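[1] Take this sequence and fold it.
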Amino acid sequence: MTVKSTTQMAGTDVGVGPPGPTGVSSPGPTTSDGCEITAPSQIMLLSPREEVRRILRAQQNYYEVLQVTKDASTAEIRTNYNQLARVIHPAKCSHRHAKLAFTILASANTTLGNHVTKRFYDTYLEYACRNGAAWDSSQ
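    Residues are numbered from 1 along each chain as shown. Coordinates of the predicted model:
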């Protein structure tokens with residue numbers, strides 16, 4: 001019996017059974033009911049200073065702050081929040097408005113991460129867009 005080195009085995013397929021059709025990828029991991037599990041999307045992060053500026057510009061729309069769509073899942077919202085929080089946390093980012101941007105980010109996560117407050121926020125956002133009202137955070 002001969003033992004192949006790892007470099008010899010690297011190009012070989014160690015599957016059981018006949019090879020699958022070419023050009024077709026195998027499905028990823030699935031849940032117990034057969035639904036495919038997809039990994040949360042990775043957002044494209046800017047430099048910490050640019051992220052702070054972007055959040056301060058987008059503070060009137062929490063969806064823009066967290067870089068998610070209106071139909072985003074709670075997991076996607078949480079993932080984007082965690083990625084952004086790691087970048088703009090005041091302990092890591094030296095921008096003078098990092099604390100304010102982090103507060104806005106946390107508020108966006110709190111609001112959109114809860115399905116009840118998200119529904120209220122969506123209603124307000126729809127009303128504001130229809131009537132040309134601006135977001136007033138003091139209310």
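
[2] per-residue confidence for the closest residue in space to Lys70 that isn't next to it in sequence?
    Sequence neighbours aside, Tyr63 is the residue nearest to Lys70 in space, at 6.2 Å (criterion: CB to CB, 6 or more residues apart in numbering). From N, CA and C alone the C-beta is placed, and that goes for glycine too. For Tyr63, the pLDDT comes out at 93.

[3] what helix or strand is Thr117 on?
    Taking DSSP states H and E as the criterion, Thr117 maps to helix 115-131.

[4] Give me the buried positions along that helix.
    Within helix 115-131, the residues that count as buried by 16 or more other CB atoms under 10 Å are Lys118, Tyr121, Leu125.

[5] Let me have those residues in a markdown table, adding pLDDT as columns.
    Putting the buried residues of helix 115-131 into a markdown table (pLDDT from 0 to 100) gives the following:
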| residue | pLDDT |
| --- | --- |
| Lys118 | 93 |
| Tyr121 | 91 |
| Leu125 | 83 |
